[in-house]
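**Q** The sequence and its predicted three-dimensional model are supplied below.
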Amino acid sequence: MMRVLFAALILTVTMLPANSAFGVAVDEKPLADPAKEAIARTLMKEIRCLVCQNQSIEDSNADLAKDLRLLVRERIALGDTPAEVRSYLVDRYGDWVLLDPPFNQMTLFLWASPFLFLALVLYGVLTTRKKNTPAPLTTQEKEKIEQLITRGDKA
Amino acid sequence: MEGYRRFIPLLIVFAIFAVFFKMMGGDRNPKEIKSVLIDKPAPAFSLPALAEGGAAITEADLKTGKPILVNFFASWCVPCRAEHDNLMKLADELNIPIIGIAYKDDPKRSLAFLDELGTPFTKTAQDRDGRVGIDWGVTGVPETFLIDGDGIIRYRHWGPIVGDSMEKRLLPQLRDLE
């Protein structure tokens, strides 16, 4: 008896994390068409849970995330493309609802900033390097070196 | 030339400091997401009235020729309770029409909530599955929208109308419309 209980306990404990690794969305009723369900699930990973901010709705158990999952599944089932669902949500919540910010006027600086900083660093490096290049030797200096070398030869 | 150039890094640090200070200060809430519906027509909707047998409430109810507020609330929402006094004040003292939308709430509970605290709403609708909330870009209750006489959303008050936020944020927006 004890052994059976113990085995059951171990089984539950080992299965718990495996189950939660699939995300919250797995506990809900999936779409009948597995292909559509896969599309919906991929899309859910791209949609921000607006209440928890840095989680996707696929991953969050917030109430709003649940409603949005339902909406995504519903739209996909009706034959909407992921792009259509995305724009449906952007119309209501703005670009913020997408975890991957789109490239537009608002996000121009965000996307361009790495290149901007790279250019700044390059500019900095190039200008300081130019400054550090020693001036060419004057004739006096050249003569002095010549002298030193010839003196060395004699020694 | 060299003399002033050495201060450039310091100036940059000060500039960054100023930007951060400005962003952290004030009453900016990083959780607040700007509504994309500002200056756009209020989304169309048709919701059953909270009161039994009442006529459906639609976006046509918003176009009264006068500014109107739309307040999403719920009986389970604690901050809604906190802002309720201010809603009553807006309705009773300032005579501002408010449409209440009970968001994802059991109608019985919404009614009990209004019975207990008073009804600031001229009309109250129920959005049981929260779909109209999604159409309005609501992320949580309470949220209050200010709509002008033509049915255009002019301002969204995110979170409860408590403290000085009514005086400082909502009322100036309202006065701008009048």
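**A** Arrived safely. Numbers count the residues shown, from 1 in each chain, chains lettered A, B, ... in the order given.
**Q** From now on I want contacts and neighbour counts done on CA atoms only, so please keep to that.
**A** Fine.
**Q** what number of residues lie near the nearest residue to A:R41 once chain neighbours are set aside?
**A** In space, and not counting its chain neighbours, A:R41 is closest to A:E58: 6.9 Å by Cα to Cα, 6 or more residues apart in numbering or on different chains. Residues lying near A:E58 (other Cα atoms under 10 Å in any protein chain shown) number 25.
**Q** now the one 10 residues further on
**A** Other residues within reach of A:L68 by the criterion other Cα under 10 Å amount to 23.
**Q** contacting residues around it?
**A** Neighbour list for A:L68: A:I57 [criterion: Cα atoms under 8 Å, 6 or more residues apart in numbering or on different chains].
**Q** give me the element it is part of.
**A** Using DSSP states H and E, A:L68 sits in helix A:63-77.
**Q** Alongside chain B, which residues does chain A contribute?
**A** Near chain B, the residues belonging to chain A are A:50-51, A:53, A:64, A:67, A:91-94, A:96 when assessed by Cα under 8 Å from any Cα of the partner chain.
**Q** pLDDT score for the residue of chain B found nearest chain A?
**A** Residue nearest to chain A within chain B: B:G137 (4.8 Å; Cα to the nearest Cα). Among the per-residue scores, B:G137 holds a pLDDT of 94.
**Q** cool, A:R129 as well?
**A** On the pLDDT scale, A:R129 gets 77.
**Q** Against chain B, how distant is it?
**A** 17 Å (Cα to the nearest Cα, to the nearest Å).
**Q** any low-confidence regions in chain A?
**A** Where chain A drops to pLDDT under 70, the residues are A:1-27, A:131-132, A:152-155.
**Q** Give the closest residue to the residue nearest the centre of it in space, chain neighbours not counted.
**A** Nearest residue to the geometric centre of chain A (Cα atoms, centre = their mean): A:D100, 7.1 Å. Spatial nearest neighbour of A:D100, chain neighbours left out: A:E46 (6.9 Å); criterion: Cα to Cα, 6+ apart.
**Q** could you pull out the strands for chain B?
**A** B:46-47, B:57-58, B:68-73, B:98-103, B:123-127, B:143-147, B:153-158 (DSSP state E).
**Q** Format these as a markdown table; extra columns: mean neighbour count.
**A** Shown next, in a markdown table, are the strands of chain B (neighbours: other Cα atoms under 10 Å in any protein chain shown):
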| stretch | mean neighbour count |
| --- | --- |
| strand B:46-47 | 16 |
| strand B:57-58 | 18 |
| strand B:68-73 | 25 |
| strand B:98-103 | 26 |
| strand B:123-127 | 24 |
| strand B:143-147 | 24 |
| strand B:153-158 | 21 |
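**Q** Let's have those in TSV, adding distance to A:P82 and mean pLDDT.
**A** Output for those, formatted as TSV (distance: least, Cα to Cα, whole Å; pLDDT from 0 to 100):
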stretch	distance to A:P82	mean pLDDT
strand B:46-47	27	96
strand B:57-58	29	95
strand B:68-73	29	97
strand B:98-103	27	96
strand B:123-127	26	96
strand B:143-147	29	96
strand B:153-158	28	94
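**Q** Please convert these to JSON lines, extending it with distance to A:Q140.
**A** Shown next, in JSON lines, are the strands of chain B (distance: least, Cα to Cα, whole Å):
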{"stretch": "strand B:46-47", "distance to A:Q140": "94"}
{"stretch": "strand B:57-58", "distance to A:Q140": "94"}
{"stretch": "strand B:68-73", "distance to A:Q140": "87"}
{"stretch": "strand B:98-103", "distance to A:Q140": "89"}
{"stretch": "strand B:123-127", "distance to A:Q140": "92"}
{"stretch": "strand B:143-147", "distance to A:Q140": "82"}
{"stretch": "strand B:153-158", "distance to A:Q140": "77"}
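**Q** B:P9 is nearest to which of the ones you listed?
**A** strand B:153-158 (39.2 Å; Cα to Cα).
**Q** Could you dump the strands of chain B into CSV and include distance to chain A?
**A** Formatted as CSV, the strands of chain B follow (distance: least, Cα to the nearest Cα, whole Å):
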stretch, distance to chain A
strand B:46-47, 17
strand B:57-58, 18
strand B:68-73, 14
strand B:98-103, 11
strand B:123-127, 13
strand B:143-147, 14
strand B:153-158, 13
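**Q** Ok, which of the ones you listed comes nearest B:Q173?
**A** Here strand B:153-158 is closest among these (Cα to Cα), at 7.1 Å.
**Q** Which elements pack onto the closest one?
**A** strand B:143-147 (3 or more Cα pairs under 8 Å, 6 or more residues apart in numbering or on different chains; DSSP states H and E).
**Q** Work out the sheet partners of the strand it packs on and label each with its direction, please.
**A** strand B:68-73 (antiparallel), strand B:153-158 (antiparallel) (DSSP bridges).
**Q** Great, nothing more from me.
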